[in-house]
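# predicted model follows, preceded by the sequence.
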Amino acid sequence: MSSLPVLAFLLLLAHCTSPAQGQPLPIDFQTLLKEIKDLLNQPAVLPEGDLDFDDKFILLNKTFLKANLEEFLNAAKNFKDRAEKIKKILVAFRPVMPTSTSTEDPISINTNDWDDFRRKLKKFVDSLEKFINAKNVSSTPSPISVPF
């Protein structure tokens, strides 16, 4: 039996399949940042005055971006339902984070303190937004494939 009909069928099938299947989709980081902000505003917005100077410095300093991102991802485990969406969104930022050049410790988040997590993440998102806007990485491809 000839394999030519099978080969022709496979070529036809490959030609009919969308080339985007299995390929990473572009990420709109601005939309992801807005989603996090919306999630952090539930329930009502907390006052920002509770962060001390050191926390603000660590959260706004771009040399801590990657290390802080990992701290928020780890802390999100403590708030299973509340932070699950936030954690999924934050993971998308990993590929664009600069390598940390600081030898200092990243931000410290109080265990099981949703308000502390939210206040600090809110400030971190401001820093992340400045970084994204400066780097103009809003259309960088995602390393995660989205099946259709």
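Great, that's in hand.
# what about the closest residue to Ile89 other than its chain neighbours, distance to Phe72?
For Ile89, ignoring the flanking residues on the chain, the nearest one in space by CB to CB, 6 or more residues apart in numbering is Leu32 at 5.0 Å. Where C-beta positions appear, they are placed from N, C-alpha and C, glycine not excepted. Here Leu32 is placed at a distance of 14 Å from Phe72 (CB to CB, to the nearest Å).
# out of these two, which sits in the busier spot?
Neighbour totals were compared for Leu32 and Phe72, and Phe72 leads with 23 against 19 (other CB atoms under 10 Å).
# what sits against that one?
Residues near Phe72 by CB atoms under 8 Å, 6 or more residues apart in numbering: 86, 90, 107, 109, 117, 120-121, 124.
# now those residues as JSON lines including pLDDT, neighbour count and secondary structure?
Formatted as JSON lines, the contacts of Phe72 follow (pLDDT from 0 to 100; neighbours: other CB atoms under 10 Å; DSSP: H, G, I helix; E, B strand; the rest coil):
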{"residue": "Ile86", "pLDDT": "91", "neighbour count": "22", "secondary structure": "helix"}
{"residue": "Leu90", "pLDDT": "93", "neighbour count": "21", "secondary structure": "helix"}
{"residue": "Ile107", "pLDDT": "91", "neighbour count": "22", "secondary structure": "coil"}
{"residue": "Ile109", "pLDDT": "91", "neighbour count": "21", "secondary structure": "coil"}
{"residue": "Phe117", "pLDDT": "90", "neighbour count": "23", "secondary structure": "helix"}
{"residue": "Lys120", "pLDDT": "92", "neighbour count": "25", "secondary structure": "helix"}
{"residue": "Leu121", "pLDDT": "93", "neighbour count": "26", "secondary structure": "helix"}
{"residue": "Phe124", "pLDDT": "94", "neighbour count": "24", "secondary structure": "helix"}
